[in-house]
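> The sequence and its predicted three-dimensional model are supplied below.
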Amino acid sequence: MSSRMPETVEEVQAHFPQDLDEEAVARIREIMPHHLWVCSAEDRHHAWCDSCGNFVRIDRSRHRRQTLCPACLHEAEVIHTWRGCKTLRDRMLLYIYGNSAIDTEILTAQAVYVEMDWGMAYGDGVMPWQVEPDVYVDSRSVFVYGKGSATIRPKDGCRVYNAKSLRYEMCKSAGPRWYVYMNMGYAGLPFYVDTDSLNEAVAETPFRYIWDAVSDDFLQWGMRGAYLRLFTLAARYPFATECLAKLGRMTRDYLFEYSEQNNRCGHISINWRGKTVAKVLRGTLTKAEKKWLRETSYKNVLLVGAWQYVRQSGCQSISMIDMMRYGMVSADLLRRLAAVIKLPRLLRYLKRQEVRNGGRRLTVDFYRDYIWDCRRLGVDLTKKSNLMPRNLIETHRMYHEQVGEMLRLEEERRRIEQGVLKLKRDRSKEKAWQKRRKAIVRKYSFEAGGMTIYVPQHLKELITEGAAMHSCVGGYVDRVASGGTIVVFIRKADDLKERVGTMEIAADGSHIVQARAKFNHDLPPEAQAFVDRFNAVKIERRERESA
């Protein structure tokens, strides 16, 4: 096997035949979109198939509709040559794999741009079966196992078919070339990989051991840009790539994301130059962990990064299996928790809590939320009873309710402050209310059964009442100030600070609009009796007297 890496454009070109062979052209024709050409408006069910090259009778002959060729059974698009044929053009970028012309153990790949300009040819009097595809070699890559890869592409990043004088240059690494076409107005350019040529070519090279392990997943996931980067990795770091490919589905998933996103997936840090599994993963796997990795379908690659943190911090007793079960998949989260409690101690505690709570699954996320609540409430976490409460679920529920109440009070305080600030900016409302308040006090002062009517002294009391009673009375400020409605409070006669309810009276004093307790609930019986008596004395009697 040749160990020399190509360093110039000419050396890369030497690994490829001078022109595309007939087999490659046949593959291109097979992958290109297929059409059934109807050339006569009088006989629209007589068509020529550009897939099998036969004239056939078709059942459906509607222009631009998909149907099956009865001869080759390929799905094809029906084209009436007198309708839109002049603008019909098929384009695609196809990757064809092969073996080097110098050494068959070297893997090669070339991106081929193909264009079929049906319209222009037909306009010149050439029939569809006489049209030949325009084929241009866009880029070429060579992968030497254990040495690296080399790629050439058109100079200055141009597209091959519009280059006046096509010249190639060496580029840093292999990558999918369809981005060049997408960025220059060809967003819909179809992109294909000839997987048959890929499988055939890899079978002749040392890459077959890696490809055998990952091919099913890579082909199923379908992100074709990952293939080039996979072979680039495998060529330069064969041992590390093979480790990830064969350890299990989770590490294969990482290898796929790393290849597809071109080292931008932001997950674990792999030592690509490592020569043992422990060196590659930056940590030693136990036999149980190796077995679990090979058998599991779990695919969260963040777990390996968290496992590396645990191993590097000196925790050898925590297995990857336990980390998966208890949600220990984020290195950042584990780092924050380790500042509060030792991770082995936390794991033992969670296991005990599962037994105490009837097998209910608990994760480090649940414990993190508990710690967050403790800090919001100012709980002393240096005490063991707070750090590891006897019943984590119950204590967490209690603290969570307290935090919720604290946040609610903070929101109420914010609403009150905003409402009061708004009133200070518009003092005319307060002046209007003070003019009306004395008449309301004279008219509606009432006390009975240990309760009394309290008329707010200032409009800001409507805001505090609404916040305290969890009602919308704080939004009545404008209507109360302008005389559009009347709002009074129901209080204890011996303690005006004790809120019982809120009552709204029509502006003309004809009736009670509503009287509600906290959270807009119905008034308690004694408060409702007070309102009924108030209504009889202050509302209905006045109505009878005025009548």
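Sure thing, it's come through.

> My guess is residue 505 contacts residue 513. True?
Yes - between residue 505 and residue 513 there is a contact at 6.5 Å, judged by C-beta atoms under 8 Å. (C-beta placed from N, C-alpha, C; glycine too.)

> Distance from the chain centre to the helix or strand hosting residue 405, please.
Secondary-structure assignment from DSSP states H and E places residue 405 in helix 392-425. Here the centre of helix 392-425 is set off from its chain's centre by 31 Å, with C-alpha atoms, centre = their mean, to the nearest Å.

> Now do that helix: which elements does it pack against?
Secondary-structure packing of helix 392-425 (3 or more C-beta pairs under 8 Å, 6 or more residues apart in numbering; DSSP states H and E): helix 343-356, helix 364-377, helix 460-469.

> Can you tell me which of those helices is most buried?
For these, ranked by mean neighbour count under the definition mean count of other C-beta atoms under 10 Å, the leader is helix 460-469 at a mean of 20.

> Mind giving me the packing neighbours of that one?
Packing partners of helix 460-469 (3+ C-beta pairs under 8 Å, 6+ apart): helix 392-425, helix 477-482, strand 485-492, strand 495-506.

> angle of the third one against helix 460-469?
In other words, strand 485-492. 60 degrees (axes from the mean of the first three to the mean of the last three C-alpha atoms, to 10 degrees).

> Can you give the contact residues for strand 485-492?
The contact list for strand 485-492 (C-beta atoms under 8 Å, 6 or more residues apart in numbering) reads 440, 444, 450-456, 461-462, 465, 473, 476, 479-480, 497-507, 509, 513, 515, 523, 527, 530-531.

> Can you go through those and name the buried ones?
Using 16 or more other C-beta atoms under 10 Å as the burial test, those include 440, 444, 451-456, 461-462, 465, 473, 476, 480, 499-505, 509, 515, 523, 527, 530-531 as buried.

> CA atoms only for whatever helix or strand residue 210 lives in, dumped as CSV, please.
Element membership for residue 210, per DSSP H and E: helix 208-221. The C-alpha trace of helix 208-221 is given here as CSV (Å, rounded to 0.1, in the frame of the first residue of the first chain):
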residue,chain,number,x,y,z
ARG,A,208,-14.4,-1.6,5.7
TYR,A,209,-14.0,-2.4,9.4
ILE,A,210,-15.3,1.0,10.4
TRP,A,211,-17.9,1.3,7.6
ASP,A,212,-19.3,-2.2,8.5
ALA,A,213,-20.0,-0.9,12.1
VAL,A,214,-21.5,2.4,11.2
SER,A,215,-23.1,2.0,7.7
ASP,A,216,-26.5,0.9,8.9
ASP,A,217,-26.9,3.9,11.2
PHE,A,218,-25.3,6.4,8.8
LEU,A,219,-27.4,5.3,5.9
GLN,A,220,-30.6,5.3,8.1
TRP,A,221,-29.9,8.7,9.5
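
> helix or strand right after it?
Criterion used, DSSP H and E; the element after helix 208-221 is helix 225-236.

> Quick check: residue 171 vs residue 138, distance?
Per C-beta to C-beta, to the nearest Å, residue 171 is found 12 Å from residue 138.

> what does residue 405 give?
As judged by C-beta to C-beta, residue 405 and residue 138 stand 65 Å apart.

> Would you mind listing the buried residues in the helix holding residue 210?
209, 210, 211, 213, 214, 215, 218.

> Contacts for that helix, please.
195, 199, 202, 226-227, 230, 234, 238, 241-242, 245-246, 249, 252-253, 255-256.

> In terms of packing, which of residue 405 and residue 138 has more residues around it?
residue 138 (23 against 10; other C-beta atoms under 10 Å).

> pLDDT at the more buried one, what is it?
Looking at residue 138, its pLDDT is 85.

> Residue 483 too?
pLDDT at residue 483 comes out at 91.

> Can we start the residue count at 24 from this point?
Renumbered: residue one is now 24, and that last one reads residue 506.

> quick one: it from residue 461, how far?
For residue 506, the distance to residue 461 - C-beta to C-beta - is 14 Å.

> These two: who's more crowded?
More crowded of residue 506 and residue 461, by other C-beta under 10 Å: residue 506, with 14 against 10.

> and that one, what are its phi and psi?
The phi/psi pair for residue 506 (degrees, to the nearest 10) reads phi 90, psi 10.

> related to what we said a few turns ago, of all the helices and strands packed on helix 415-448, which lies closest to residue 561?
Closest to residue 561 of the helices and strands packed on helix 415-448, according to C-beta to C-beta: helix 483-492, at 20.3 Å.

> can I get the CA coordinates of that closest one in CSV?
Coordinates of the C-alpha atoms in helix 483-492 are reproduced here as CSV (Å, rounded to 0.1, in the frame of the first residue of the first chain):
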residue,chain,number,x,y,z
LYS,A,483,-53.9,53.3,45.7
GLU,A,484,-55.8,51.3,48.3
LEU,A,485,-57.8,49.7,45.3
ILE,A,486,-54.5,48.4,44.0
THR,A,487,-53.4,46.9,47.3
GLU,A,488,-56.8,45.5,47.8
GLY,A,489,-56.7,43.8,44.4
ALA,A,490,-53.3,42.3,45.1
ALA,A,491,-54.2,41.1,48.6
MET,A,492,-57.6,39.7,47.5
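
> who's in contact with that helix?
Contact with helix 483-492 is made by 435-436, 438-439, 442-443, 446, 479, 494-500, 503, 510, 512, 522, 524-525, 539-542, as judged by C-beta under 8 Å, 6+ apart.

> Quick one: the helices in the stretch 74-223 of the chain, in order.
Under the criterion DSSP state H, counting those that start in this stretch, the stretch 74-223 of the chain contains helices at 141-146, 201-205, 218-225.

> correction: the stretch 274-423 of the chain
300-304, 310-318, 325-335, 343-348, 354-361, 366-379, 387-400, 407-410, 415-448.

> Report the buried residues of stretch 156-166.
Buried, per 16+ other C-beta under 10 Å, within stretch 156-166: 158, 159, 160, 161, 162, 163, 164, 165, 166.

> and the last one, what are its bridge partners?
In this case it means residue 166. With DSSP bridges as the criterion, residue 166 is bridged to residue 130, residue 172.

> That one reaches residue 258, doesn't it?
Yes - at 4.3 Å, residue 166 counts as touching residue 258 under the criterion of C-beta under 8 Å.

> Determine the residues that are contacts of both of those two.
Common neighbours of residue 166 and residue 258 (C-beta under 8 Å, 6+ apart) are 130, 172, 230.
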